[in-house]
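>>> Sequence first, then the predicted structure:
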Amino acid sequence: AHPALSPSGGTVDAMSLQILVTVLVALAYVVGLCGIVLPVLPGTITIIIATLIWAIVTGSWTSWVAFAIIAVLGIAGMTTSYVLTGRRLQRHEVPTWPILVGIASGIVGIFVIPFLGLPIGFLAGLYVSEAVRLKDWKRGLSSAWVAIKALGIGIAIEFTLAMLSTITFAIAVVLHFMNA
């Protein structure tokens with residue numbers, strides 16, 4: 001492998017570049033895991049793309065096997081999350097627009113109440129939109145609770161698979177650098 005140019009004009013050896021990229025990818029994993037829980041940040045897709053970049057830079061069989069496993073886990077997590085959440089919401093006849101109102105309210109909430117604004121805004125927006133849709137505040141609360149549980153289950157499944165991806169990445173990093 002040819003050494004890369006550093007900003008100072010010198011060269012960076014391949015191992016230093018691999019270590020730097022590994023650290024940056026690990027940071028991307030933190031962003032990805034947070035993004036699964038906080039819909040303002042990109043989640044699982046960040047983990048998959050970061051792992052792909054790591055595999056390209058390191059080029060080892062370990063990194064490519066890890067990427068394949070992580071891609072499967074990530075796709076499974078995103079798909080399962082959307083399918084199970086969607087089915088549960090359909091079963092309880094909760095349309096998509098109250099959830100979108102909740103997300104928009106959560107984004108506004110971030111700016112109104114730092115840190116706690118996202119969940120408070122989301123819950124308030126979801127509840128009010130469901131109460132207005134059903135023309136009944138009590139039924140709106142019940143319907144919003146169904147939506148919250150459905151979204152929570154989806155997030156829990158996606159997060160669990162993302163944690164398995166994180167463990168896979170950690171094992172792959174150790175194996176890669178032990179064999180480097």
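Looks like it came in fine. Numbering: from 1, shown residues only.

>>> Give the burial count for residue 112, as a bare number.
Using other C-beta atoms under 10 Å, residue 112 has 11 neighbouring residues. Every C-beta, even on glycine, is put in place using the N, C-alpha and C of the backbone.

>>> what about it, distance to residue 100?
19 Å (C-beta to C-beta, to the nearest Å).

>>> Then residue 68?
Where residue 100 is concerned, residue 68 sits at a distance of 34 Å (C-beta to C-beta).

>>> same deal with residue 19?
42 Å.

>>> Would you state the strands of the chain in chain order?
Per DSSP state E, the chain carries strands over the ranges 4-5, 11-12.

>>> Would you single out the least confident of those?
Of all the strands of the chain, the minimum mean pLDDT falls on strand 4-5 (a mean of 55).

>>> Could you give the number of residues near residue 175?
16.

>>> Any idea how far the top helix by length along the chain is from the middle of the chain?
Longest helix in the chain, counting residues (DSSP state H): helix 137-179. Computed by C-alpha atoms, centre = their mean, to the nearest Å, the separation of helix 137-179 from the middle of its chain amounts to 8 Å.

>>> Please apply the same query to stretch 30-44.
Between the mean C-alpha location of stretch 30-44 and the chain-wide mean there is a distance of 4 Å, by C-alpha atoms, centre = their mean.

>>> what does stretch 93-108 give?
19 Å.

>>> Quick one: residues in contact with that stretch.
Residues from elsewhere that reach stretch 93-108 (C-beta atoms under 8 Å, 6 or more residues apart in numbering): 39-40, 89, 117-126, 128-130, 133, 143-144, 146-147, 150-151.

>>> Next one: residue 165 relative to residue 27, how far apart?
15 Å.

>>> which one of the two has more residues nearby?
Neighbour count, other C-beta under 10 Å: between residue 165 and residue 27, residue 165 has more, with 25 against 11.
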